[in-house]
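Participant: Here is the input, now give the coordinates:
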Amino acid sequence: MSAMTSRRGISRGRNRFHSLRNYRRYQHDVAERAVLPFLRRFGVDIAGRRLLDLGCGNAGMTSLYREKGAVAVGIDRDWGRMAGAPGLLVAGDALNLPFKSGSFELVIAHDLVEHVCDVAMVLREIGRVLSQDGLAFVSFPPFFGPYGGHQQGARGPARLLPFGHLLPEALWLSLVSCERYHKMFGGLGRLSISEFDRAVKHSSLAVARRQLHLVRPEVALRLGLPVIECGLFCSLPVVGEFITGGAFYLLSKPGASNGF
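Facilitator: Numbers count the residues shown, from 1 in each chain. Take a look at the predicted model:
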């Protein structure tokens, strides 16, 4: 990545909330520099695949997947966020996907599961719409990690405060004078790594690959930092929950013939 490209990505990350267009560009960058490299690392090519971008938001990622050759469909509960974006987009709920069973070869749920009320149900729905040999990419920032409260969506100095979201809720929200953030935080689940692993075990899916980060690619993109993976220490019980900044999972169906 050139220095100019890197600076452009950092600028988009910092200004992503200024407009729908900015956020779409930021999503495009995240898909290109975080999601796709993870998939390629394990030999997953999206070209020609029927792909569902679950919780697509402003659909910037959906556009990138389509550019890379996937037959991509984006779905989000908020139609207003998708308005004006190109491609096939659907308004719908991750807890009750409006698609037939086995419709997709690849499902991508980037930073979605921490916002839903029933992670197990979302995983069941992902498993249902996934073809037998399909794969699912799921990522989230664990809640007990340093920025698991999505501080990046706040304004003011508090957005830089690691673990601030673990303060008593009334105190934390008093430090963050941002109505949009208050609304988001109120709907944020307290999803931990161990809780997600349990949800996977009770679904029709299995963990094919897992990658934990001290500094996850999204944060690295926004702040111009290096991506830092963490294997052993992030996998430790309790300790791992507090030091892990981001978790990437590749899920498959047991007995699938996709090489995992």
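Participant: residue ranges with poor pLDDT in this protein?
Facilitator: Counting by pLDDT under 70, the chain shows low-confidence ranges at 1-19.
Participant: got the residue ranges for the strands in the stretch 151-260 of the chain?
Facilitator: Secondary structure of the stretch 151-260 of the chain (DSSP state E, counting those that start in this stretch): strands located at 206-215, 228-229, 246-252.
Participant: Buried deepest among the ones you listed, which one?
Facilitator: Counting by mean count of other Cβ atoms under 10 Å, strand 246-252 has the highest mean neighbour count of the strands of the stretch 151-260 of the chain, with a mean of 24. Any C-beta I mention is one placed from the backbone N, CA and C, and that applies to glycine too.
Participant: And for it, what's in contact with it?
Facilitator: Residues from elsewhere that reach strand 246-252 (Cβ atoms under 8 Å, 6 or more residues apart in numbering): 38-39, 42, 44, 123, 126, 133-142, 145, 193, 196, 200, 205-213, 216-219, 258, 260.
Participant: Pipe the strands of the stretch 151-260 of the chain into CSV and attach distance to Phe185 per row.
Facilitator: Output for the strands of the stretch 151-260 of the chain, formatted as CSV (distance: least, Cβ to Cβ, whole Å):
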stretch, distance to Phe185
strand 206-215, 22
strand 228-229, 26
strand 246-252, 18
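Participant: what about stretch 148-159, how long is it end to end?
Facilitator: 11 Å (Cα to Cα, to the nearest Å).
Participant: picking up where we left off before, who wins for proximity to Arg50 among the strands of the stretch 151-260 of the chain?
Facilitator: Nearest to Arg50 among these is strand 246-252; the distance by Cβ to Cβ comes to 15.7 Å.
Participant: Direction included, what does that closest one pair against?
Facilitator: Note on strand 246-252: by DSSP bridges, its sheet partners are strand 130-140 (antiparallel), strand 206-215 (antiparallel).
Participant: Output those strands as CSV; include the columns distance to Gly240.
Facilitator: Converted to CSV, these look like this (distance: least, Cβ to Cβ, whole Å):
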stretch, distance to Gly240
strand 130-140, 14
strand 206-215, 7
